[in-house]
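**Student:** quick one: sequence and predicted model below, then my questions.
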Amino acid sequence: LPMLFVGPDRVFDDRGELFYGMDINTSGALKSYPAQRLTGSAYWLDTELFKKLLMSIVEQLSRTGVKIIIGHGHGPSINAFANIAADAQKMYGVKLYTAWSFAENEELKFQNDHAGANETSIVMAFRPDLVDFSRVKEDESNLIGIAGRHPIRDSSAAFGNEILEYTMKTLISRSSVLMGIESLTLDAEGEYSVVADALGGINVVISPTSKTIINLFDIEIERTKDEITGRERDTLNVESKVEDVTQALMTMAKGSTRTKEVNELTKQIIAEAVSQEYAARGITANPASLYENSSSSNVFERRRKEMPTIGSWYKRIKQSAQSNTNKDYEFHYSYLLKVMKQYIREYNGQMAYFDGQSTFDLMEGAPLINIDISQLEERFARPLAQQILMSWIWEKFVKKNSEDKRKARQKRVIVDEAWMLLPFPEAVDFLNKM
């Protein structure tokens, strides 16, 4: 929702002259100062009026089916938000939480000071361009309205990231327990394994030396709701999966250099081979086509077919290159056969951990599944793994849910260090779609 730029705060009436919030010196302030009207202070709203505004927003959100709202901001606004939590639950069945709801470490609470080391460090982590210590006077006489640890001596981007990580981990762990939310983290820094262990969840490590294989060709049946009858039915969206796999293979083909030599012709060759891989196994829009003995009415007799792999796709590209007579395609076949070897297990590729049948499946009902990719090379292998795993998570975790809100399980996906994907347009497109 849009930010609320108004909120409650302390009020002091000095013989008819009103002072609000940090106009008034407070305990914990870095420097004591007389009451004064600070420039730009025009946000105050009466506490009870602010609560009524919040309750009106909660009521409107409840009508759309929202069950949980996390609100955060200025301290007095957070307190007012927390104070209406019982009424929001009773009247509208909506649970309210803030970033402070489960935090016990005072130093690492999100925004728990007033422009001190805590809040300054958070800005340094998010937007370092907005922090300019050169504007502080030498005698620090203009550090007015600051409460908490010293913003210059004690602030750092590392401390800001520590606060953010603590907040996310606390919200994930407590909400998983209290609200039954199934969470999956794509862990780029190896930070969530402790949370998964504490919750009795699952840790999966993907590295050049691990035995874990994630097959990006895996496809799952979806439960979709018929708009006319309202009934749920099984569907298998092969066309969409072909596009997802093609996008991932395009990123792999471009490599860390993101060469412009990979273009629409390359994409066409990749997509045709991906589509042929599914067709060769008889996998169609019919959900039954995922199984051997698909004609059997006994579901226990059904066995899932083996999926295509990057290795089998590479062999198909190799065969197509040998039979190709179109000179426009020659370079693209040659390029793919050369650069894609590094992903193929048969050629001992250093990034072959996505070639083969998946070695594990995601367990339904696990409170937290953590996929740790922190041991992969940071510049290219890790963001590539993020993209491939997002596609796989979409198939194995997100789509395995009902579109009927009454039957759907609460699920959450956290992509740690998602900024690493920014140089890869196909990955950003998929993240936006996801």
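**Tutor:** Ah, there it is.

**Student:** any chance you could map the helices in the chain?
**Tutor:** Taking DSSP state H to define them, one finds helices in the chain at 47-63, 75-83, 85-92, 117-126, 157-179, 193-198, 238-254, 264-280, 310-323, 327-339, 381-393, 425-433.

**Student:** out of those, which gets nearest to T212?
**Tutor:** With C-beta to C-beta as the criterion, T212 lies closest to helix 381-393 of those, at 11.1 Å. C-beta coordinates here come from the backbone N, C-alpha and C atoms, glycine included.

**Student:** who does the closest one touch, helix- and strand-wise?
**Tutor:** strand 182-187, helix 238-254, strand 411-415, helix 425-433 (3 or more C-beta pairs under 8 Å, 6 or more residues apart in numbering; DSSP states H and E).

**Student:** for the residue lying closest to S334 once chain neighbours are set aside, give me its contacts.
**Tutor:** Leaving aside its sequence neighbours, S334 sits nearest to A321 (C-beta to C-beta, 6 or more residues apart in numbering; 7.3 Å). Each residue near A321 by C-beta atoms under 8 Å, 6 or more residues apart in numbering is listed here: Y333, S334, L336, L337.

**Student:** same question, Q386
**Tutor:** The contact partners of Q386, by C-beta under 8 Å, 6+ apart, come to L186, A188, I373, V415, A418, M420, L421, A427.

**Student:** again, only this time at 10 Å
**Tutor:** 186, 188, 371, 373, 376, 415-418, 420-421, 424, 427, 430-431 (C-beta atoms under 10 Å, 6 or more residues apart in numbering).

**Student:** just to revisit the earlier point, and among the helices and strands packed on helix 381-393, the most buried is which?
**Tutor:** Among the helices and strands packed on helix 381-393, the stretch with the highest mean neighbour count (mean count of other C-beta atoms under 10 Å) is strand 182-187, at a mean of 24.

**Student:** packing partners for it?
**Tutor:** Secondary-structure packing of strand 182-187 (3 or more C-beta pairs under 10 Å, 6 or more residues apart in numbering; DSSP states H and E): helix 157-179, helix 193-198, strand 202-205, strand 368-372, helix 381-393, strand 411-415.

**Student:** in TSV, list the contacts of A321 along with pLDDT and neighbour count.
**Tutor:** Below are the contacts of A321 laid out as TSV (pLDDT from 0 to 100; neighbours: other C-beta atoms under 10 Å):
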residue	pLDDT	neighbour count
Y333	95	19
S334	94	11
L336	95	24
L337	95	13
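
**Student:** which one of these is nearest to G21?
**Tutor:** L336 (62.0 Å).

**Student:** for that closest one, which non-adjacent residue is closest in space?
**Tutor:** Nearest non-adjacent residue to L336 (C-beta to C-beta, 6+ apart): I317, at 5.6 Å.

**Student:** shouldn't that neighbour be in contact with I270?
**Tutor:** Yes - in this structure, I317 is within contact of I270 by C-beta atoms under 10 Å, at 8.0 Å.

**Student:** who has more neighbours, these two?
**Tutor:** Each of I317 and I270 has its neighbours counted (other C-beta atoms under 10 Å); I270 has more, 25 against 21.

**Student:** do you know how far that one is from N215?
**Tutor:** Relative to N215, I270 is positioned 17 Å away (C-beta to C-beta, to the nearest Å).
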